[in-house]
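Trainee: build me a model from this:
(chains A and B)
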Amino acid sequence: MLVDDERRFADSLARRLSIRGYASRVAYDGESALRALDEGGYLAMVLDLRLPDLHGTEVLARALRMTPSLAVIILTAHGNQEDERLCMARGAVAFLNKPLQLDRLLELLTGLEASA
Amino acid sequence: MTNAALKRIGFALTPRFWRSTEDPDKYATFGDYRPVFLLTIFLLTAASLIPLSVITVLDIRLTRRDVELEHRLTTERTASNAKRSVEYYLDERLDALDFTIREESYENLRNPDKLAVVLRNLKLGFGGISDLGVIDHSGRQVAYEGPYQLTGRDYSGQKWFLQTLMDGAYVSDVFLGYRDEPHIIVAVTSRTSEGDLFVLRATLDTERLTQRLRSFIGDGQEDIFLINRSGIVQTPSARHGGVLEKAAVEVPEYSERTRSFDAVDPTGEAAVFGYAYIPVKAKPNPFVLFFVKPKTLVEKELARVRLNRMLFLAGSGLTIVFTVVLISIFTFNHLYDADRSKAETMLRMEKAGRLASLGTLSAGIAHEINNPLAAIGQEAGYIKDLLSIDGSRPTDEELLEQIDSILESVFRCGRITRQLLRFAHQGNVDVQTVAIADAVSEVLAFFGKEAEYRNIEIQSSVSDEVPEIMTDRGRLQQILLNLVKNAVQAMVDGGTLLITARRHRREIVRIEVSDTGCGIPEEKLARIFEPFFTTKNQGEGTGLGLSLTYAMVRKLGGNIHVQSEVGKGSRFTVTLPIGVPRGVHENESSAR
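Mentor: Alright, predicted model coming up:
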């Protein structure tokens, strides 16, 4: 699950992940992401912090309540240490900064697959 | 005194602002210190000197009055004493005659032999009497004893004779008479056994009187003499006319008491004229005594006093001016130094403020850039994926190279924006006990390989007296890391990197990172901590490393300075507080 209001970014990332064998679904805001999550079957969620409707940290909290096993990877353009500390404390598995180095994300996903 | 010593004194007596060539900045108390400095000196000097001068002038005037009064009193006293002396002299002789005429009978006095005895006795007893004559009521001199042959002379028509008969006693003015020698006549009357009036007359020479008067003269300057009521000089005077000449002074107004007035004597000298009417028993008392005391002595005394006071005024004036100048210099030096340090502080704060706002602005821009940047990165990556992984399209090496170049640029931008964000969001300070030696060796270990490879010798010396400090370990490492990285990069052809730490004052630790690298030109030193300012080549640095370092050092309550010389190397000095940095609460960090 890719949650980001930057549509072109989310779309490109989804395509690149599918080329590498990861099926993904894109959500452009927090509410639709949480609705999609309800359908189940997600290994991980790549979550932006600044969304048009909800803040990323709230999406994080609600997503984990719905699916405690979900691995949430924060990916933000506004990353600072405060946010990082807060998100990690709320159960995110990683905190990445934009622009994204795809290799880092792939590494994380590989690790998650292995532990799942 | 040597020239160099004079120069040194001149230097010490020049206020610091006077030598300053800097333009006054907006934080100076006065735009131009010079007029204020000069005005201060002028006002202080005037405020002290004017009263002093006034007092001096008043004092001189008062002294003049005192001295003049004293002079006048002395003059009057002397005149008074002389008056009494003359009075006594004349009265004494009148009394002697009176006594004689009562003691001896007319018959005895007519007898020339007896008269000779009487004259001898009078001369022995009193002196100053040169002859004696007995005149009967008709005016004929019936007996005479003395140096002249005057027996049988007729005085019947003479004024003095008539006056004597009328008053019973007489003292004449000084006159020449038949003898051609100045003398005074004194006469008394009595009655014969038949009841007729007769007169006993004596001649007094004036020499004795003159000597008596001279005894009152203290020095050659003074003059003492008698005049009669017509203003004719009676006894010799030094400057006011010869005997029987018209006196050079007016006959003063009658007064029973001794008096004085100011006038100019015939030689043109200002003088005090003391005078007294001499009240002899016979009427009319014919003499006025003059005692003239010139003011030369007064003027001399006054000149001495004036010189004295003026010297005192000059002395105290110089002292005051000197003190005022010294105090003004001292005050203005302090003011000037205070202004300068204030200006430095304010400028530093302005700079810090500018840095902070630059940081905030840059961070804001970074936020907005990161999203499109991420999109570009992913889109370029996707194109690359399509070309290299998909396999459905022919591989175009040139295109792949271009895409890699785009990706590289994207990540470089990413690095810049990340640093900018860190610059703006510094977060809390995580205070803990940190041993500087450990922090230094950890950072150095990080660079060990690169240093060896680039032929750089690393030395570190952390003094034993450096205590553990309360600070944020991560930030301290970051600071050292940045400084060491810069130092290593500055030394292209090898060199020496030196880190020292020692205790500077009680509560401050001073860490220095110096290199023997290329150095920083002076014009760039001032801007070295500004964001995006870099001395490195285009594309090599972000221009944020040192501004971040600066921000972190400030966050830790410290300060950072740089000294550098092109070709010789640079030295960065970081000072950090030993205790918990101000504005940071220990529990705030330990609670997390």
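Trainee: okay, CA-based contacts and neighbour counts for the rest of this
Mentor: OK.
Trainee: which strand or helix spans B:Ala271?
Mentor: strand B:270-277 (DSSP states H and E).
Trainee: quick one: list the elements packing against that strand.
Mentor: helix B:33-103, strand B:259-264, strand B:287-294 (3 or more C-alpha pairs under 8 Å, 6 or more residues apart in numbering or on different chains; DSSP states H and E).
Trainee: restricting to C-alpha, output it in CSV.
Mentor: The C-alpha coordinates for strand B:270-277 follow below in CSV (Å, rounded to 0.1, in the frame of the first residue of the first chain):
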residue,chain,number,x,y,z
ALA,B,270,49.8,107.7,46.3
ALA,B,271,49.8,108.0,50.1
VAL,B,272,47.7,108.1,53.2
PHE,B,273,47.7,111.5,54.9
GLY,B,274,47.1,111.3,58.6
TYR,B,275,46.5,114.6,60.4
ALA,B,276,45.6,115.9,63.8
TYR,B,277,44.9,119.4,65.3
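Trainee: the inter-axis angle of that strand versus strand B:287-294?
Mentor: Put simply, strand B:270-277 runs at 160 degrees to strand B:287-294, going by axes from the mean of the first three to the mean of the last three C-alpha atoms, to 10 degrees.
Trainee: now do strand B:270-277 and strand B:259-264, the angle between them.
Mentor: Using the same axes, to 10 degrees: strand B:270-277 against strand B:259-264 is 150 degrees.
Trainee: can you list contacts of strand B:270-277?
Mentor: Contact partners of strand B:270-277, identified using C-alpha atoms under 8 Å, 6 or more residues apart in numbering or on different chains, comprise B:71-72, B:75-76, B:79-80, B:83, B:252, B:254-265, B:285, B:287-296.
Trainee: of these, keep whichever come out buried.
Mentor: B:71-72, B:75-76, B:79-80, B:83, B:252, B:258-260, B:265, B:285, B:287-295 (16 or more other C-alpha atoms under 10 Å in any protein chain shown).
Trainee: which ones, among the residues you listed, also lie beside chain A?
Mentor: Of the residues in the buried ones among the contacts of strand B:270-277, proximity to chain A by C-alpha under 8 Å from any C-alpha of the partner chain holds for none.
Trainee: any chance of CSV for the helices and strands packed on strand B:270-277, columns distance to B:Glu207?
Mentor: CSV is the format used below for the helices and strands packed on strand B:270-277 (distance: least, C-alpha to C-alpha, whole Å):
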stretch, distance to B:Glu207
helix B:33-103, 12
strand B:259-264, 26
strand B:287-294, 16
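Trainee: JSON lines for the ones you listed, including mean pLDDT?
Mentor: Formatted as JSON lines, the helices and strands packed on strand B:270-277 follow (pLDDT from 0 to 100):
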{"stretch": "helix B:33-103", "mean pLDDT": "91"}
{"stretch": "strand B:259-264", "mean pLDDT": "91"}
{"stretch": "strand B:287-294", "mean pLDDT": "92"}
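Trainee: do you know which of the ones you listed lies nearest B:Ala435?
Mentor: helix B:33-103 (49.2 Å; C-alpha to C-alpha).
Trainee: re earlier: quick one: the strand holding B:Ala271 to helix B:33-103, angle?
Mentor: Going by the same axes, to 10 degrees, strand B:270-277 makes 30 degrees with helix B:33-103.
Trainee: strand B:270-277 pairs with which strands?
Mentor: Strand pairing for strand B:270-277, using DSSP bridges, gives strand B:259-264 (antiparallel), strand B:287-294 (antiparallel).
Trainee: chain B: helices as residue ranges?
Mentor: In chain B, the segments counted as helices under DSSP state H are B:3-12, B:16-19, B:33-103, B:106-110, B:112-125, B:159-167, B:206-214, B:296-385, B:397-424, B:436-453, B:473-490, B:522-525, B:545-555, B:586-590.
Trainee: put the alpha carbons of the fifth one into PDB.
Mentor: C-alpha atoms of helix B:112-125 as PDB (Å, rounded to 0.1, in the frame of the first residue of the first chain):
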ATOM      1  CA  PRO B 112      68.600 140.400  85.100                       C
ATOM      2  CA  ASP B 113      70.700 138.300  87.300                       C
ATOM      3  CA  LYS B 114      67.700 136.500  88.700                       C
ATOM      4  CA  LEU B 115      66.300 136.100  85.300                       C
ATOM      5  CA  ALA B 116      69.500 134.500  84.100                       C
ATOM      6  CA  VAL B 117      69.300 132.000  86.900                       C
ATOM      7  CA  VAL B 118      65.700 131.200  86.000                       C
ATOM      8  CA  LEU B 119      66.600 130.700  82.300                       C
ATOM      9  CA  ARG B 120      69.400 128.400  83.300                       C
ATOM     10  CA  ASN B 121      67.100 126.400  85.500                       C
ATOM     11  CA  LEU B 122      64.500 126.200  82.700                       C
ATOM     12  CA  LYS B 123      67.100 125.100  80.200                       C
ATOM     13  CA  LEU B 124      68.300 122.400  82.600                       C
ATOM     14  CA  GLY B 125      64.900 121.200  83.500                       C
END
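Trainee: who touches that helix?
Mentor: B:96, B:100, B:108-109, B:129-132, B:143-145.
Trainee: wait, which of those residues is closest to B:Leu302?
Mentor: B:Ile129 (46.3 Å).
Trainee: give me the number of residues near that closest one?
Mentor: Neighbour count of B:Ile129, defined by other C-alpha atoms under 10 Å in any protein chain shown: 22.
Trainee: just B:Glu222 next, same as before
Mentor: 20.
Trainee: how long is stretch B:254-271 from one end to the other?
Mentor: Using C-alpha to C-alpha, to the nearest Å, one end of stretch B:254-271 lies 20 Å from the other.
Trainee: helix or strand right after the helix or strand bottoming out on mean pLDDT in chain A?
Mentor: When the helices and strands of chain A are scored by mean pLDDT, DSSP states H and E, helix A:81-89 comes last with a mean of 85. Sequence-wise, the next helix or strand downstream of helix A:81-89 (DSSP H and E) is strand A:94-97.
Trainee: what's the spacing between the most centrally placed residue in chain A and chain B?
Mentor: In chain A, the centroid-proximal residue (C-alpha atoms, centre = their mean) is A:Val46; its distance is 1.3 Å. A:Val46 sits 14 Å away from chain B, going by C-alpha to the nearest C-alpha, to the nearest Å.
Trainee: got the contact list for that residue?
Mentor: A:1-3, A:72-75.
Trainee: if you set the cut-off to 10 Å instead, what comes out?
Mentor: A:1-4, A:10, A:26, A:71-76, A:92, A:94-96, A:105 (C-alpha atoms under 10 Å, 6 or more residues apart in numbering or on different chains).
Trainee: so it: helix, strand or coil?
Mentor: A:Val46 falls in the strand class when you classify it by DSSP: H, G, I helix; E, B strand; the rest coil.
Trainee: what about residue 112, neighbour count?
Mentor: Going with chain A. With other C-alpha under 10 Å as criterion, A:Leu112 counts 14.
Trainee: my question was about chain B, not that one.
Mentor: Neighbours around B:Pro112, by other C-alpha under 10 Å: 17.
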